[in-house]
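> Output the structure for:
(one chain, ligands or ions: 1)
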Amino acid sequence: MLSNKMAKAINEQINRELWSAYLYLSMSMYAEAKGLKGVANWFFIQFREEQDHARIFMNYLNARGAQVELQPIAAVQTSWDNMEQAFADTLAHERVVTEAINSLAQLAQDEHDFASQSMLRWFIDEQVEEEESVGDILNTLEQLKGLNQGLYMLDKDLSTRTYTVPSPLAGKE
Ligand code: MG
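Predicted coordinates for the structure are as follows:
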């Protein structure tokens, strides 16, 4: 049986994942409005992945007999100074999410909740990838700075990103 404290913390994390989805959808629409279809594609895949993260936590609460309690999703920013700012905000946000996942892992450890520790391991690894991938994009933007076609080149690059179902959801759709 999941503790009430853990169920509440996971419900808060579900809201955080859905807010992340909403943030990246907003960034995707912002990029699309600027004619940057590749950047829009990258953020739209982020949007789908964050919904998947929420789904993984919801599946876990259901599997443990705990109640999913969906809370309102707070408003998100709808425009940025430029694309670099959107990616910088993305990295800052993912670092906040990493801290939240770490706090959940700490709680699971304090409660000797081994099932939650096991479930959270995937998210701990996922956050390393999240921070790395957006860090790579920021590095690319830095290197392309001053080039007339820099953003165009990045846009081409990000248009190749494809969505894949995260392993905890494979075969569950
Ligand atoms: Mg996430």
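
> switch to C-alpha atoms for all contacts and neighbour counts from now on
OK.

> quick one: low-confidence parts of this protein?
The chain contains residues with pLDDT under 70 at 173.

> Any chance you could spot the residue sitting in the middle of this protein?
Glu50 (4.4 Å; Cα atoms, centre = their mean).

> Could you find the closest non-adjacent residue to Ala31?
Leaving aside its chain neighbours, Ala31 sits nearest to Ala40 (5.0 Å; criterion: Cα to Cα, 6 or more residues apart in numbering).

> Next, Phe123: phi, psi?
With angles defined as degrees, to the nearest 10, Phe123 sits at phi -70, psi -30.

> Tell me how many other residues crowd the residue nearest to it when sequence neighbours are not counted.
If the residues on either side of it in the chain are set aside, Phe123 comes closest to Ile101, at 7.1 Å by Cα to Cα, 6+ apart. If you count neighbours by other Cα atoms under 10 Å, Ile101 ends up with 20.

> Which residue ranges of the chain form helices?
Counting by DSSP state H, the chain has helices at residues 4-33, 37-63, 83-110, 114-144, 150-158.

> Now render those as a markdown table, adding distance to Leu169.
Formatted as a markdown table, the helices of the chain follow (distance: least, Cα to Cα, whole Å):
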| stretch | distance to Leu169 |
| --- | --- |
| helix 4-33 | 15 |
| helix 37-63 | 7 |
| helix 83-110 | 19 |
| helix 114-144 | 12 |
| helix 150-158 | 24 |
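
> Of those, which is nearest Pro168?
Nearest to Pro168, of all those, is helix 37-63, at 6.8 Å by Cα to Cα.

> tell me the angle that closest one makes with helix 4-33.
Interaxial angle, helix 37-63 versus helix 4-33 (axes from the mean of the first three to the mean of the last three Cα atoms, to 10 degrees): 160 degrees.

> Helix 37-63: how far from the chain's middle?
Offset of helix 37-63 from its chain centre (Cα atoms, centre = their mean, to the nearest Å): 7 Å.

> what's the nearest residue to Ser28 if we skip its chain neighbours?
Nearest to Ser28 is Ala40, by Cα to Cα, 6+ apart, at 4.2 Å.
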